[in-house]
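Chemist: Kindly generate the corresponding structure for this input.
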Amino acid sequence: MYEQHFGLRAMPFNATPDPSFYVNLAGHHEAIHTLVVALKGGESLVKIVGEVGTGKSMLCRKLLRDLGNGFVVAYLPYPALSPMHIQLDLAEELGVVLPPNADSHQLLKYLKEVLIDIREQGRRCVVIVDEAQTLPDATLECIRLLSNLEMHGDKLLQIILVGQPELDLRIGQPRLRQLQQRIAFSHELKPIDRATCDAYIRCRLRIAGYRGTMLFSPWALRAIHRISRGIPRIINTLAHKSMMCAYGRGDVVVRHYHVRKAAADSESVRRWRATTKRGWFSRRQGHAPTLENAAPRIHVPHSNP
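Modeler: Below is the predicted model:
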């Protein structure tokens with residue numbers, strides 16, 4: 001599409017989570033650190049929540065790539081299932097061979113045997129349950145019981161619950177208080193601020209091969225953050241469509257009117273626009289924001305967590 005026009009080797013703002021385009025935002029770094037500390041410490045239940053589009057799926061993929069050989073990871077992305085189904089999905093992810101018509105008791109027995117074998121190899125088994133806010137109460141209780149599985153006081157299964165803020169409301173119900181008490185570590189992903197948004201866009205452009213000085217004007221960056229409210233998924237949509245608009249006009253710099261066109265052309269962005277104050281694109285009095293004045297809040301660790 002526009003890669004050659006802007007001097008890129010790849011599209012920098014694809015909607016599909018791609019760990020190669022992971023940007024080490026401060027909130028994501030803290031979440032990864034929380035997860036690694038909890039998993040290495042043997043905690044059985046960990047929780048990560050965040051609004052739609054804050055990067056939870058990217059975080060899961062990053063964790064899957066980085067955990068290493070010391071962990072066996074099962075990823076359950078669509079978990080609106082009954083207790084029996086979620087155990088069957090877990091068994092399938094772990095390669096458990098079940099006899100025909102196995103009942104719940106047999107399923108749990110075979111699962112535990114495989115988990116013990118994994119632990120005896122010196123590895124830990126981690127289950128990532130995405131979109132956990134959709135789980136029925138009975139399935140959440142099943143997850144709590146699975147987290148009880150242990151050998152010589154050592155947990156056989158470590159579970160990461162990933163979901164939208166509704167997950168906190170679900171777990172906060174009195175009937176699920178035992179599950180809530182088991183969650184030793186949790187983290188909330190929040191929208192990013194203006195300076196971090198600018199740095200996020202520049203970072204993804206660099207990963208895609210851009211070596212120019214300024215592809216997005218300061219006012220375009222300002223507009224993207226104001227419209228998106230700091231949600232990375234909306235930022236990606238606006239940046240991608242703004243670049244398409246600039247490319248279609250033959251422009252080499254993305255400006256605020258390209259962002260306006262992109263917002264008007266995107267249904268998901270229009271829904272955000274309906275709840276945002278007017279005047280996104282009005283230039284207020286004073287100087288335009290500059291990249292030099294933006295302090296990027298992207299954490300650069302000295303070593304991997």
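Chemist: Please, where are all the strands along the stretch 1-150 of the chain?
Modeler: Taking DSSP state E, counting those that start in this stretch as the criterion, the stretch 1-150 of the chain carries its strands at 45-50, 71-76, 124-129, 150-151.
Chemist: Go through those and pick out the most buried.
Modeler: Among those, strand 45-50 has the highest mean neighbour count (mean count of other Cβ atoms under 10 Å), at a mean of 24. C-beta here means a position set from N, CA and C on the backbone, and glycine is covered the same way.
Chemist: Give the partner strands of that one in its sheet and their orientations.
Modeler: strand 158-163 (parallel), strand 185-189 (parallel) (DSSP bridges).
Chemist: what residues are up against residue 31?
Modeler: 48, 59, 187, 189 (Cβ atoms under 8 Å, 6 or more residues apart in numbering).
Chemist: neighbours of the closest residue to it other than its chain neighbours, just the number please.
Modeler: What sits nearest to residue 31 in space, not counting adjacent residues and going by Cβ to Cβ, 6 or more residues apart in numbering, is residue 187, at 4.5 Å. Neighbour count of residue 187, defined by other Cβ atoms under 10 Å: 20.
Chemist: likewise residue 24?
Modeler: Residue 24: 13 neighbours (other Cβ under 10 Å).
Chemist: same check, this time on residue 166
Modeler: Neighbours around residue 166, by other Cβ under 10 Å: 12.
Chemist: Most widely separated two among the contacts of residue 31?
Modeler: Using Cβ to Cβ, the contacts of residue 31 span at most 9.5 Å, a distance reached by 59 and 187.
Chemist: so what sits against both of those two?
Modeler: With Cβ under 8 Å, 6+ apart, residue 59 and residue 187 have common neighbours 31, 48.
Chemist: measure the closest residue to residue 44 other than its chain neighbours to residue 40 for me?
Modeler: Leaving aside its sequence neighbours, residue 44 sits nearest to residue 147 (Cβ to Cβ, 6+ apart; 4.0 Å). Distance of residue 147 to residue 40, computed by Cβ to Cβ, to the nearest Å: 17 Å.
Chemist: what about these two, which has more around it?
Modeler: Set residue 147 next to residue 40 and count neighbours by other Cβ under 10 Å: residue 147 wins out with 20 against 14.
Chemist: Tell me if residue 210 really is in a strand.
Modeler: No: read with DSSP: H, G, I helix; E, B strand; the rest coil, residue 210 is coil and lies in no strand.
Chemist: what about the residue nearest to it when sequence neighbours are not counted, neighbour count?
Modeler: Nearest non-adjacent residue to residue 210, counting by Cβ to Cβ, 6+ apart: residue 8, 5.6 Å away. A count of nearby residues for residue 8, using other Cβ under 10 Å, gives 20.
Chemist: surely residue 8 meets residue 207?
Modeler: No: with contact defined as Cβ atoms under 8 Å, residue 8 does not count as touching residue 207 (9.8 Å).
Chemist: Need the pLDDT of the residue nearest to residue 44.
Modeler: Residue 147 is assigned 90 on the pLDDT scale.
Chemist: Give me the phi and psi angles of it.
Modeler: phi -70, psi -10 (degrees, to the nearest 10).
Chemist: what's the most buried one of the strands paired with strand 45-50?
Modeler: strand 158-163 (a mean of 25).
Chemist: pLDDT on it, on average?
Modeler: Here the average pLDDT along strand 158-163 is 94.
Chemist: ok, now stretch 87-107?
Modeler: 86.
Chemist: Now residue 219: closest residue in space, sequence neighbours ignored.
Modeler: residue 256 (4.2 Å).
Chemist: Could you do residue 184 as well?
Modeler: Using Cβ to Cβ, 6+ apart, the closest residue to residue 184 is residue 43 (4.7 Å).
Chemist: cool, residue 77 as well?
Modeler: Using Cβ to Cβ, 6+ apart, the closest residue to residue 77 is residue 130 (4.6 Å).
Chemist: what pLDDT does the one you found get?
Modeler: 90.
Chemist: got a list of what it touches?
Modeler: 56-57, 60, 75-79, 162-163.
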